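Asker: Sequence plus the predicted model coming up.
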Amino acid sequence: MDGTERYSYLPIDTPELLQEHYTEIQKTWWQTVTDAKFDLVVVHAGQAQLFFEDDHGPTFKANPHFLQWIPPEYAVAESCLVICPGKTTRLLFFQPSDYWHAVPMPPDHLSGHLEIRTFTTVADLHQHCTEQVEQLTKAPERVAFVGEPSCKTLLGKDWQQNPSSLIHRLNFARAAKTNYELAAMRNASIMGALGHRAAANCFSEGGSEFDVHMAFLDASEQNEPELPYGNIVAQNHHAAFLHYQFQDRHTPTELNSLLIDAGGSYRGYASDITRTYVTAQSNAAHEAHAAFTSLLAEMRNHQDRLVNAVAPGGSYVELQQLMHEQLAEILTTHHILKCSAQEAFAHGLTEAFCPHGLGHLLGLQVHDVGGQQIAESGELRPPPENYPALRFTRPISENMVLTVEPGLYFIPVLLEPYRNNHASFNWHLIDALCPFGGIRIEDNVRVLPTGIENLTRDAFTTIGYTGAHP
Ligand code: GLY
Ligand code: MN
Ligand code: MN
């Protein structure tokens, strides 16, 4: 955001928030560098890529470790940070004189927190970086380099590239957000809420997936490269593809449902929001339409209960299990499974209806790092065998931001193996529900000392929208 946005977002570049953010991250990085037994770290923003045999490439996306210090609008490829305990962090900002592309100005508003040097050639920038490092240490093996391994000039120097002792500590610490990061994520949530409101309206007017996608972009004030992840806009059976990636230009003649999973990105921080809608009427069999409508209402209650069960010190693995226990109730009370909820859960039948995890950490990356890491040393807690897709297994703690996104889908490829050998499945109803695809409802929550702040629901309230179970 550069001040030209149409919606007034919450103030974020306040002296207090910036001061606290840079004090906090500096403390974490200095401690991390010292604990990992380095003298300093060079963080490289990354290099622009080209498509194969072409002269243009994907939009540049900087190294997330760099983005924690420098917002994306200033995160120019080839720029570097030199972070050394006890010294002011130095930003080596690349500002070529270019007439093919516009080049950002350096982030002067951050000059109270960083020392900024500007370079017009990569060679000069690398030379300064090398000299700076040599002034700060005589031991090249005590220099850590964090970034893509493609930066050959800086990497020919016996510096340690992405040492796991350092990366593990940084990833672990990143789960707890500073107030600046939380403010960015509240704004990312508002962007998402604006987009979702427009998407819901577009769907209610019979818009196609493409129309809904464009409505989301317009209202959330983002172009596609700015999105935190590609929009998932899935009508009817497309919703059974968890990360459905296309957008049909035509509305299906029988429009039944919409699943939209789309978020905003603000200062590099993401929101990740999903809503599911059913048409007021559809040409699908009345029984299936009524069942899906009722399932949707029940899934909203289910998601509410799971959100309210998030608490510091809690176990997300237990919440994952709770999700399946509740799903077993929903599937059996709706006669989709013709056995008891206990049997459905005990035999893992719910896993055919929801193959993904309940959620994940959120931040600079949509599936943020460190979700399965239970110690800063890098020790991992793998997900339980029956829930291999669960991305978040570490204990829940204060100021984490995580998603809660239970789902219920009719995915033919997962259901088919049961078709001829399991008496509990109500195939008549399941087959009738396949044209509705599935349901996912996803909120982003911050963990408080007791309970949670629901960034998503709060954002819907902030924009004054009460239409879609916000
Ligand atoms: N948008 C991808 C996810 O919800 O994890
Ligand atoms: Mn999502
Ligand atoms: Mn998610």
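Answerer: Thanks, I have it. None of the values given here were measured: they were computed from a predicted structure. Residues are numbered from 1 along each chain as shown. Ligands and ions are numbered 1, 2, ... in the order given.
Asker: Spit out the contact partners of the closest residue to C151 other than its chain neighbours.
Answerer: Among residues not flanking C151 along the chain, H44 sits closest, at 5.3 Å (Cβ to Cβ, 6 or more residues apart in numbering). All C-beta spots, glycine's among them, are computed from the backbone N, C-alpha and C. Listed by Cβ atoms under 8 Å, 6 or more residues apart in numbering, the contact set of H44 reads N63, F66, E78, S79, C80, F145, V146, G147, E148, C151, L154.
Asker: One more: A62?
Answerer: Neighbour list for A62: A45, G46, I70, P72, A75, A77 [criterion: Cβ under 8 Å, 6+ apart].
Asker: And V122, by the same measure?
Answerer: By Cβ under 8 Å, 6+ apart, the contact list for V122 reads E78, F94, T153.
Asker: filter those to the buried ones?
Answerer: E78, F94 (16 or more other Cβ atoms under 10 Å).
Asker: Assign the closest residue to ligand 1 within the stretch 101-250 of the chain to helix, strand or coil.
Answerer: In the stretch 101-250 of the chain, the residue that lies nearest ligand 1 is Y229 (5.3 Å; Cβ to the nearest ligand atom). Put simply, Y229 is coil when judged by DSSP: H, G, I helix; E, B strand; the rest coil.
Asker: that older thread, so of the contacts of V122, which ones are in helices?
Answerer: Residues from the contacts of V122 lying in helices, with DSSP state H as the criterion: T153.
Asker: if we can go back for a sec, what about the residue of the stretch 101-250 of the chain closest to ligand 1, neighbour count?
Answerer: Counted with other Cβ atoms under 10 Å, the neighbours of Y229 add up to 15.
Asker: if I look at it, how far off is A188?
Answerer: Per Cβ to Cβ, to the nearest Å, Y229 is found 12 Å from A188.
Asker: where do the contact lists of those two overlap?
Answerer: Common contact partners of Y229 and A188 (Cβ under 8 Å, 6+ apart): G263, A270.
Asker: circling back to that earlier point, quick one: residues contacting the residue of the stretch 101-250 of the chain closest to ligand 1.
Answerer: Y229 sits next to G263, A270, D272, V366 when contact means Cβ under 8 Å, 6+ apart.
Asker: Give me the phi and psi for it.
Answerer: The phi/psi pair for Y229 (degrees, to the nearest 10) reads phi -160, psi 160.
Asker: pLDDT score assigned to it?
Answerer: Turning to Y229, the model gives it a pLDDT of 98.
Asker: Residue numbers of the protein in contact with ligand 3?
Answerer: Residues of the chain found near ligand 3 (Cβ under 5 Å from the ion) are D272, T403.
Asker: lowest-confidence helix or strand of the chain?
Answerer: The weakest-scoring helix or strand in the chain, judged by mean pLDDT, DSSP states H and E, is helix 152-155 (a mean of 74).
Asker: After that helix, heading C-terminal, what element do we hit next?
Answerer: Counting by DSSP states H and E, the next helix or strand C-terminal to helix 152-155 is strand 160-161.
Asker: For G207, grab the count of nearby residues.
Answerer: 21.
Asker: now swap in L362 and tell me
Answerer: Look at L362: counted by other Cβ under 10 Å, it has 29 neighbours.
Asker: On the strand side of things, show who the residue in the stretch 301-450 of the chain positioned nearest to ligand 2 bridges to.
Answerer: The nearest approach of the stretch 301-450 of the chain to ligand 2 comes at E442, 4.9 Å away (Cβ to the ion). Under the criterion DSSP bridges, E442 forms beta bridges with T274.
Asker: near ligand 1, which residues of the protein?
Answerer: Y229, D261, D272, V366, E405, E442 (Cβ under 6 Å from any ligand atom).
Asker: again, only using 8 Å
Answerer: 229, 232, 243, 261-263, 272, 274, 356, 359-360, 366-367, 403, 405, 440, 442 (Cβ under 8 Å from any ligand atom).
Asker: R305 - nearest residue in space that isn't next to it in sequence?
Answerer: Q326 is the one closest to R305 (Cβ to Cβ, 6+ apart), at 6.8 Å.
Asker: which SS class is L327?
Answerer: Quick answer, by three-state DSSP: L327 is helix.
Asker: Was I right to think it contacts P355?
Answerer: No: in this structure, L327 is not within contact of P355 by Cβ atoms under 8 Å, at 11.7 Å.
Asker: neighbour count winner among those two?
Answerer: Using other Cβ under 10 Å as the criterion, L327 and P355 rank with L327 on top: 25 against 15.
Asker: Provide a list of residues in contact with the more buried one.
Answerer: Going by Cβ under 8 Å, 6+ apart, L327 touches H302, T350, F353, C354, P406, L408.
Asker: Point to the residue nearest the middle of the chain.
Answerer: V366 (1.6 Å; Cα atoms, centre = their mean).
Asker: Which strand or helix spans that residue?
Answerer: Per DSSP H and E, there is no helix or strand for V366.
Asker: Now the phi/psi pair for it, please.
Answerer: Torsion angles, degrees, to the nearest 10, at V366: phi -60, psi -50.
Asker: My guess is it contacts L227. True?
Answerer: No: contact status for V366 versus L227: not in contact, 9.7 Å apart, counting by Cβ under 8 Å.
Asker: Just the buried ones from the residues of the chain next to ligand 1?
Answerer: 232, 261-263, 272, 274, 356, 359-360, 366-367, 403, 405, 440, 442.
Asker: Of those residues, which belong to helices?
Answerer: Using DSSP H, none of those sit in helices.
Asker: residues in contact with Y387?
Answerer: Shown in contact with Y387 (Cβ under 8 Å, 6+ apart): V317, Q320, E351, G357.
Asker: Next up, phi/psi of it, please.
Answerer: Torsion angles, degrees, to the nearest 10, at Y387: phi -120, psi 60.
Asker: So for it, what pLDDT did the model give?
Answerer: Y387 is given a pLDDT of 98.
Asker: Equivalent analysis for the one 4 residues further on, please.
Answerer: In this prediction, R391 carries a pLDDT score of 98.
Asker: ok, now how distant is the nearest residue to M185 once chain neighbours are set aside from T88?
Answerer: Spatially, and ignoring its direct neighbours in sequence, M185 is nearest to Y269 (4.9 Å; Cβ to Cβ, 6+ apart). Using Cβ to Cβ, we find Y269 at a distance of 24 Å from T88.
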